[in-house]
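Trainee: I need the structure of the sequence given here:
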Amino acid sequence: MIDLGTLGGRFSTAYAISGKGVVVGASSIADGDTSHAFMWTREAGMVDLGTLGGFASWAHAVSDDGVRRRQQSDGQRRKPRLHVVSTDRDERHRDDWAG
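Mentor: Predicted coordinates:
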């Protein structure tokens, strides 16, 4: 077991791991009130994937070729709309669904 750490907050949760050992999940940040999606590798450690403009995000899947899928809020704290966003290895984002 490896302690992945946090993005400055009190908790982190890993949701998926690729066959190449890339881990994705969510971590609280230093403000203690917000979660950001993260990606972790042995080489880089935990990397904050940000929110693309919303107030929170969560990474739920990662493929062996590096494509990450995450949910994120649209910036509204009351009744937020969640988006599923795919990010490829070249950091191009695609909004796959908005509900």
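Trainee: Stretch 31-44 - what's its average pLDDT?
Mentor: Mean pLDDT, stretch 31-44: 89.
Trainee: Over to Gly19. Which of the three states is it?
Mentor: At Gly19, secondary structure determined by DSSP: H, G, I helix; E, B strand; the rest coil is coil.
Trainee: Quick one: list the elements packing against the host helix or strand of Ser28.
Mentor: According to DSSP states H and E, Ser28 maps onto strand 23-29. For strand 23-29, the elements it packs on are strand 8-17, strand 35-41, strand 45-50, strand 57-62, judged by 3 or more CB pairs under 8 Å, 6 or more residues apart in numbering; DSSP states H and E. Glycine gets a C-beta too; all of them are placed from N, C-alpha and C.
Trainee: possible to save these as CSV with mean neighbour count and distance to Ile2?
Mentor: Output for those, formatted as CSV (neighbours: other CB atoms under 10 Å; distance: least, CB to CB, whole Å):
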stretch, mean neighbour count, distance to Ile2
strand 8-17, 14, 10
strand 35-41, 23, 9
strand 45-50, 15, 11
strand 57-62, 21, 16
